[in-house]
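# sequence unknown, structure follows:
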């Protein structure tokens, strides 16, 4: 069954548009809101709306439009315009129509929706972050020695707050340019998130994508990993609520594989998206990038992480194993973008604005996951991207897109990772590039 995106949706039962840029399940008509989830209650009351009681759609629409006209007349001296009436009629016919009612009957809204789950996780994230901030207690000062990798600005020493101040706030003291272009920090030689609080006296370096004399190995991996995180955020919000999207995982970033990926359980059998639908996902990535949302990090206890992800069967099962690899065996690293919260060891780039050009190149069904008794509706969504400030001509970028359409075989769920999918270490890369 072909899934038609919203931009080309048609009033046909055969063309059901699951993928949507907005959320057309709910339509606002002035101050009145009609949701498809509430239609069934209206029908049970025997009021005879639309097709179930024989009242025509046009007759019902006229009733609504008359009520809207009274509303406009009450709140406007000139009354409603033709454009306002046309918008009301479009919303009404686009939502309260035969096809959407049948769509709801065929795919009823689940009790748990992605929007509700996102709101719950984000609220718990905020609550835990505020709790950890209160536990800091008396503020202590630390010395941060900034070592610049470029000629300007010069190195400096900053007095910051222990377990409160972040590398991002240090960059704000150094200048706007340093704040905007820094992707990740390096604290005492360890890669560090820009929004992660500093724990003690340290030496700080700020890394970006245009370092001339530095190895871009770590920065490239962080950019690729952050793109996967953003792709997960897009997947949870780009589908209608009657499709409950469960994110499985994304493999360790491997630039040599040709694409960043996220494995997603869409609960759809045999979905083959067309070019319009992949372009919609690409557009959602760009929209997320232009919001310049910070990518926040928070380490939480394993019990809280289990509570946050209990609606996701895959994440819930992965959390105990992830916690065992932490220093104390009880913590899990979480990242938040807007209201989207996910699990990752990190680090990530400072904000979504570092993503410039992005293309979702392919969506591959993973029968290997079904063979491994994970899910027969698991899909691997792949994409390629360029960071902000990096320019590439259309022909060269097209070659990257073509390579990104091939199935990325890195750590497919239910299978043993292939040897070719393992990225060489940083030392091996340096040895190859130096001719050793």
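Thanks, I have the structure now. For clarity, every value in this text was computed on a predicted model and none was experimentally measured. Numbers count the residues shown, from 1 in each chain.

# any low-confidence regions in this protein?
Along the chain, segments meeting pLDDT under 70 span 1-81, 84-85, 87-109, 150-153, 370-373, 416-436.

# ok, which stretches of it are strands?
26-29, 32-35, 141-146, 156-161, 184-187, 190-192, 202-207, 246-249, 260-265, 295-301, 331-337, 340-343, 355-365, 378-387 (DSSP state E).

# for those, which one sits closest to residue 226?
Among the strands of the chain, the nearest to residue 226 by C-beta to C-beta is strand 295-301 (6.5 Å). Using the backbone N, CA and C atoms, a C-beta is placed for each residue, glycine as well.

# re the thing from before, could you point out which of the strands of the chain sits nearest residue 289?
Residue 289 lies closest to strand 355-365 among these, at 4.1 Å (C-beta to C-beta).

# Going by neighbour count, which residues of stretch 202-215 are buried?
202, 204-209 (16 or more other C-beta atoms under 10 Å).

# Over to stretch 359-368?
Buried residues in stretch 359-368, counted by 16+ other C-beta under 10 Å: 359-366.

# got the residue ranges for the helices in the stretch 201-350 of the chain?
217-237, 275-290, 302-308, 313-324 (DSSP state H, counting those that start in this stretch).

# related to what we said a few turns ago, pick the most deeply packed of the strands of the chain.
Highest mean neighbour count of the strands of the chain: strand 260-265, a mean of 26 (counted as mean count of other C-beta atoms under 10 Å).

# Strand partners (parallel or antiparallel) of that one?
When pairs are called by DSSP bridges, strand 260-265 turns out to pair with strand 246-249 (antiparallel), strand 378-387 (antiparallel).

# got a markdown table for the strands of the chain, with distance to residue 282 too?
Formatted as a markdown table, the strands of the chain follow (distance: least, C-beta to C-beta, whole Å):
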| stretch | distance to residue 282 |
| --- | --- |
| strand 26-29 | 25 |
| strand 32-35 | 29 |
| strand 141-146 | 37 |
| strand 156-161 | 39 |
| strand 184-187 | 25 |
| strand 190-192 | 28 |
| strand 202-207 | 27 |
| strand 246-249 | 19 |
| strand 260-265 | 13 |
| strand 295-301 | 20 |
| strand 331-337 | 17 |
| strand 340-343 | 18 |
| strand 355-365 | 5 |
| strand 378-387 | 7 |
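
# Can you say which of the ones you listed is nearest to residue 118?
The closest of the strands of the chain to residue 118 is strand 340-343. By C-beta to C-beta, the value is 6.0 Å.

# tell me what that closest one is packed against?
Applying 3 or more C-beta pairs under 8 Å, 6 or more residues apart in numbering; DSSP states H and E, one finds that strand 340-343 contacts helix 114-134, helix 217-237, helix 313-324, strand 331-337.

# Same list, the ones you listed, but as TSV with distance to residue 345 please.
Converted to TSV, those look like this (distance: least, C-beta to C-beta, whole Å):
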stretch	distance to residue 345
helix 114-134	17
helix 217-237	9
helix 313-324	8
strand 331-337	6
